[in-house]
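K.L.:
Turn this into a model:
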Amino acid sequence: MNVSQTQISNRYLSQFCENNNCTYDALKNKNGKTNLIASEVDSSCGTQEKSVETYYETNEENNAPIKLNSVDIAIMRKKCFEEHIHLTEEELYNLVNTLESVPCKCDMNSIWWQLRYIEAGKFDNIQNVLSKHLKVLAEKYKANDNFLDGKLEYCSEIIWRRKKEHEVFYNMRFYALLDRESFELNEFVDIINESRESISKFEQELINTNESLFNEKVKEKNDIIERIIDSYFGNY
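P.N.:
Numbering: from 1, shown residues only. The predicted structure follows:
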């Protein structure tokens with residue numbers, strides 16, 4: 001999978017923004033993010049009809065409904081589609097869950113790059129969680145510092161590789177969807193949800209198999225974790 005992220009973004013963002021009366025700047029801003037210029041966005045872009053209906057999402061901690069009124073939804077849409085301000089993960093998924101129809105392609109691109117930003121942070125968080133977990137295991141198995149450092153480096157390489165493969169894989173799925181003449185809203189939402197679930201599954205599998213790194217000290221690489229990596233694209 002030697003597809004360049006820059007090649008993907010430049011090819012598709014310029015194409016679809018041109019098709020939808022937007023402009024695309026391939027240069028990066030000071031935060032290293034791609035610039036989408038909204039000043040020339042067609043008036044139909046980002047103006048999905050807002051319902052006065054109240055939306056609900058389940059709160060997993062206490063199973064109580066979280067009320068989202070039309071004002072909340074309007075604020076999230078403005079931040080995402082017009083101001084291009086980073087949403088929190090909760091805001092983004094609330095926004096996606098309240099879509100009533102397929103957004104215009106410029107708005108879909110805005111949602112997608114919000115997702116990419118959030119998921120990049122998730123992989124960084126996996127790195128931090130894993131580092132702490134390995135240190136606990138090192139104390140449990142009385143592993144020396146050199147052994148621990150080697151395992152930390154090994155797992156860091158795994159996370160970095162998975163992050164890049166994940167990004168390319170889901171970008172290709174997303175832009176393949178946009179290439180089609182027509183598609184349903186649920187197809188767009190499904191890609192977002194699958195991307196989210198894939199990261200959660202990867203983190204859980206990696207954490208659950210870490211102890212085997214210390215049980216098999218003689219091996220340079222761990223067969224169980226290697227299978228997690230190698231099976232990634234085989235699942236699709």
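K.L.:
The helix or strand hosting residue 177 packs against which elements?
P.N.:
Here residue 177, judged by DSSP states H and E, is contained in helix 145-179. Judged by 3 or more CB pairs under 8 Å, 6 or more residues apart in numbering; DSSP states H and E, the packing partners of helix 145-179 are helix 5-19, helix 105-140, helix 185-209, helix 211-215, helix 223-230. (Glycine included, C-beta is placed from N, CA and C.)
K.L.:
Now mean neighbour count too, for those helices, in TSV please.
P.N.:
Below are the helices and strands packed on helix 145-179 laid out as TSV (neighbours: other CB atoms under 10 Å):
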stretch	mean neighbour count
helix 5-19	15
helix 105-140	17
helix 185-209	15
helix 211-215	16
helix 223-230	13
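K.L.:
Adding mean pLDDT and distance to residue 176, write these out as JSON lines.
P.N.:
JSON lines is the format used below for these (pLDDT from 0 to 100; distance: least, CB to CB, whole Å):
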{"stretch": "helix 5-19", "mean pLDDT": "47", "distance to residue 176": "10"}
{"stretch": "helix 105-140", "mean pLDDT": "92", "distance to residue 176": "13"}
{"stretch": "helix 185-209", "mean pLDDT": "93", "distance to residue 176": "10"}
{"stretch": "helix 211-215", "mean pLDDT": "76", "distance to residue 176": "36"}
{"stretch": "helix 223-230", "mean pLDDT": "56", "distance to residue 176": "24"}
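K.L.:
Out of those helices, the one nearest residue 150 is which?
P.N.:
Closest to residue 150 of the helices and strands packed on helix 145-179 is helix 211-215 (CB to CB; 9.4 Å).
K.L.:
Which neighbouring elements make contact with the closest one?
P.N.:
By 3+ CB pairs under 8 Å, 6+ apart, helix 211-215 packs against helix 105-140, helix 145-179, helix 223-230.
K.L.:
Reformat these as CSV; add distance to residue 189.
P.N.:
Listed next are those as CSV, based on distance: least, CB to CB, whole Å:
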stretch, distance to residue 189
helix 105-140, 10
helix 145-179, 11
helix 223-230, 26
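K.L.:
for the ones you listed, which one sits closest to residue 92?
P.N.:
helix 105-140 (5.3 Å).
K.L.:
Can you tell me which of the helices and strands packed on helix 211-215 is nearest to residue 191?
P.N.:
helix 145-179 (5.5 Å).
K.L.:
residue contacts, the residue nearest to residue 130 when sequence neighbours are not counted?
P.N.:
Closest residue to residue 130 apart from its sequence neighbours, by CB to CB, 6 or more residues apart in numbering: residue 155 at 5.5 Å. Contact analysis of residue 155 by CB atoms under 8 Å, 6 or more residues apart in numbering lists 130, 134, 206, 210, 213, 225.
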